[in-house]
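# sharing a sequence plus its predicted fold:
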Amino acid sequence: MAVTIRTDDPTASPTLALVTAHLTDMHAQTPVESVHALGIHELCDPSIVFWSAWAGDRIAGIGALKQLETGDGEIKSMRVDDAFRGTGVGRAVLRHIISHAKIEGMPRLWLETGSTASFLPARSLYASEGFMRCEPFGDYRRDPRSVFMTRGL
């Protein structure tokens, strides 16, 4: 499947609909104290680059990269629209983020994802792209509902 990835505005339609679906899903399956997904306006912060993936004229996925104070990057808001799951969109977005982080000279990437079975595809994707489990980073704390991963660049 041909996917086009572009820098996007998370508040623009139809991107906003996928961001909203992502946030709704995170809050539906995770207690509020364990939800680390950024809100729509937080995704507009200057320290964040936000992308959308498109299959023709349909939005297929989203992802973001937050520049950390350490110079490293944190992957945020990875989501594939349900209609495009299993088609390689998530991998394409992840590889795009990794490539951008390398170009920006970030030495390391970090991420937090869920620990439950519903997050297994995400954890498997990250592991297949070289991410390894690690201890909490930044302001995160140990949480049985979170898995932390990192990868050097």
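Done, it's in.
# find the centremost residue of the chain, please.
In the chain, the centroid-proximal residue (C-alpha atoms, centre = their mean) is residue 78; its distance is 2.7 Å.
# which residues in the chain form helices?
15-29, 89-103, 120-128 (DSSP state H).
# what's the closest of the ones you listed to residue 138?
Closest to residue 138 of those, according to C-beta to C-beta: helix 89-103, at 15.8 Å. C-beta coordinates here come from the backbone N, C-alpha and C atoms, glycine included.
# identify the residues contacting the helix or strand bottoming out on mean pLDDT in the chain?
In the chain, no helix or strand scores lower on mean pLDDT, DSSP states H and E than helix 15-29, which sits at a mean of 89. Applying C-beta atoms under 8 Å, 6 or more residues apart in numbering, the contact partners of helix 15-29 are 8-10, 35, 37, 39-40, 43, 52, 59, 61-62, 77, 79, 81, 114, 116, 118.
# quick one: the strands in this protein?
Here the chain has its strands, by DSSP state E, at 4-7, 48-55, 58-67, 73-80, 108-114, 132-134, 146-152.
# save those as CSV, and put in distance to residue 18 and mean pLDDT too.
What follows is the strands of the chain, written out as CSV (distance: least, C-beta to C-beta, whole Å; pLDDT from 0 to 100):
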stretch, distance to residue 18, mean pLDDT
strand 4-7, 14, 97
strand 48-55, 8, 98
strand 58-67, 5, 97
strand 73-80, 6, 96
strand 108-114, 18, 97
strand 132-134, 27, 98
strand 146-152, 23, 98
